[in-house]
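1. Kindly generate the corresponding structure for this input.
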Amino acid sequence: MQAIAVLTSGGDAPGMNACIRAVTRAALHRGATAWGVQDGFDGLVHQRMEPLTSRGVAGILQRGGSILGAGRCEEFFHDTVRRQCLAFLREQGVEGLVVIGGDGSLQAAQEIHKLGFPVITVPGTIDNDMPGTDRTIGAYTAVNTAMEAIDRLRDTASAHHRAMIVEVMGRNSGYIAVRSGLAAGAELIITPERPISLDEVFQEMEKVERLGKRHFVVVLAEGAQWDAAELTRLINTAENAYEARYTVLGYTQRGGSPTALDRILATRMGVAAVDALWEGMSDMLVCWREGQIVVLPVDRLPPRSDPWADQMDRVFEITDT
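-> From the prediction side, this is the model:
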């Protein structure tokens, strides 16, 4: 290959820049040109692309966000538009594409493959909810960011004898909630995978109150049966020992400098993506499975799973109070 391009799509995730850096330098190492597509697939649609150099990607390893910009583009899912995008890439001499993003990005990459253009996807999303891979770029950092926020919120909750409902991101995955809740010593964790009744919430509150705790911290995944505002209202309309307040952490979980683990994961995945293109692969997802980087066919990806979920639940049950 003489040239490849890289883009970041969907929601940004800490570590995307580390992956861009790795893809760029891996391509240059092979004597190829690297191009960066701006603002995800929208940049392909509107032909916004810039050359990437080793010097140009220096100093981005530790930065959050994406130097290329990220986002979603509905226009790209029209067949005529996709064909125009690929014609543009070919005109620039680009022979392969690396897409960094989540589920929607993976679907868009598949559409590119169907038109005969080589494409490799790298999983970049804080939700850690993609099939085939145990880890996605950004998830480690999001957990750490949420944990630090929960630590601070516990302080103020304890000062006022309150229940603090902390809603974290994750879409339909409880990955961030379980990890950050366990790391921060939350009293209760509620996720889409393991719903809980309101009576059980009150039972946990009563148990914690009997132990003499001045706070009751609930970490709530955004895809659970209640949102933070609703659960807070339900708690405050019932008679219990704690007055409830809530905080939605929101986009703070996407930003900030990636942790060492995310930087290393992103770098390894970026190099693996370039290797896969040079080996003639396409329609593949770079995955982290059982402690190793592997490249798997998208049409045969095993379903999403969390190999540590049961152990995490058991540890939380033992240590939550």
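2. Quick check: phi and psi on Val217?
-> The main-chain torsion angles of Val217 are listed as degrees, to the nearest 10 and equal phi -100, psi 120.
3. nearest spatial neighbour of it, skipping sequence neighbours?
-> Leaving aside its chain neighbours, Val217 sits nearest to Ala186 (4.6 Å; criterion: Cβ to Cβ, 6 or more residues apart in numbering). To be clear about C-beta, it is placed using only N, CA and C from the backbone, and glycine gets the same treatment.
4. Please tell me how far that neighbour sits from Ser197.
-> Using Cβ to Cβ, to the nearest Å, Ala186 is found at 18 Å from Ser197.
5. what's the neighbour count on Leu265?
-> Burial measure for Leu265: 27 neighbouring residues, criterion other Cβ atoms under 10 Å.
6. wait, is it part of a helix?
-> Yes. Under DSSP: H, G, I helix; E, B strand; the rest coil, Leu265 falls within a helix.
7. can I assume Ala142 sits in a helix?
-> Yes. Judged by three-state DSSP, Ala142 forms part of a helix.
8. List the contacts of it.
-> Ala13, Pro14, Ile126, Val168, Met169, Ile176, Gln253, Arg254 (Cβ atoms under 8 Å, 6 or more residues apart in numbering).
9. From Arg83, how far off is it?
-> 36 Å.
10. who does the nearest residue to Pro297 once chain neighbours are set aside bridge with?
-> Using Cβ to Cβ, 6+ apart and skipping the chain neighbours, the partner closest in space to Pro297 is Met284 (6.0 Å). Met284 has these beta-bridge partners by DSSP bridges: Ile120, Pro297.
11. So Met284 versus Leu106, what's the distance?
-> Using Cβ to Cβ, Met284 is found at 10 Å from Leu106.
12. Identify the contacts common to the two.
-> In contact with both Met284 and Leu106: Thr121, Val298, using Cβ under 8 Å, 6+ apart.
13. In helices, which of the contacts of Ala142 appear?
-> Here DSSP state H is the test, and the contacts of Ala142 give Ile176 as lying in helices.
14. CSV for the contacts of Ala142, including pLDDT?
-> Formatted as CSV, the contacts of Ala142 follow (pLDDT from 0 to 100):
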residue, pLDDT
Ala13, 98
Pro14, 98
Ile126, 97
Val168, 98
Met169, 97
Ile176, 96
Gln253, 96
Arg254, 96
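15. export the contacts of Ala142 to TSV and tack on neighbour count and distance to Glu75?
-> Converted to TSV, those look like this (neighbours: other Cβ atoms under 10 Å; distance: Cβ to Cβ, whole Å):
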residue	neighbour count	distance to Glu75
Ala13	34	23
Pro14	31	28
Ile126	31	25
Val168	33	32
Met169	25	26
Ile176	28	31
Gln253	25	28
Arg254	22	24
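16. Identify those among the contacts of Ala142 that sit within strands.
-> If you go by DSSP state E, the contacts of Ala142 have Val168 in strands.
17. Out of the contacts of Ala142, which is nearest to Ala244?
-> Of all these, Ala244 sits closest to Val168, with 16.7 Å by Cβ to Cβ.
18. what sits against that closest one?
-> Ala142, Ala146, Ile176, Ala177, Ser180, Val219, Leu220, Ala221, Glu222, Leu249, Gln253.
19. ok, which pair from these is furthest apart?
-> Using Cβ to Cβ for every pair in the contacts of Val168, the one that comes out farthest apart is Ala142 and Leu220, at 15.0 Å.
20. what is the mean pLDDT for stretch 286-299?
-> For stretch 286-299, mean pLDDT rounds to 96.
21. Quote the end-to-end distance of it.
-> 13 Å (Cα to Cα, to the nearest Å).
22. and it, which residues are buried?
-> Counting neighbours by 16 or more other Cβ atoms under 10 Å, one finds that the buried residues in stretch 286-299 are Val286, Cys287, Trp288, Ile293, Val295, Leu296, Val298.
23. Hmm, Val298 and the second one touching each other?
-> Yep, that's Cys287 we're talking about. No. Applying Cβ atoms under 8 Å, one finds Cys287 not in contact with Val298, separated by 10.4 Å.
24. would you say Asn220 is within a strand?
-> Let me fix one detail, which is that residue 220 is Leu and not Asn. Yes. The assignment for Leu220 is a strand, going by three-state DSSP.
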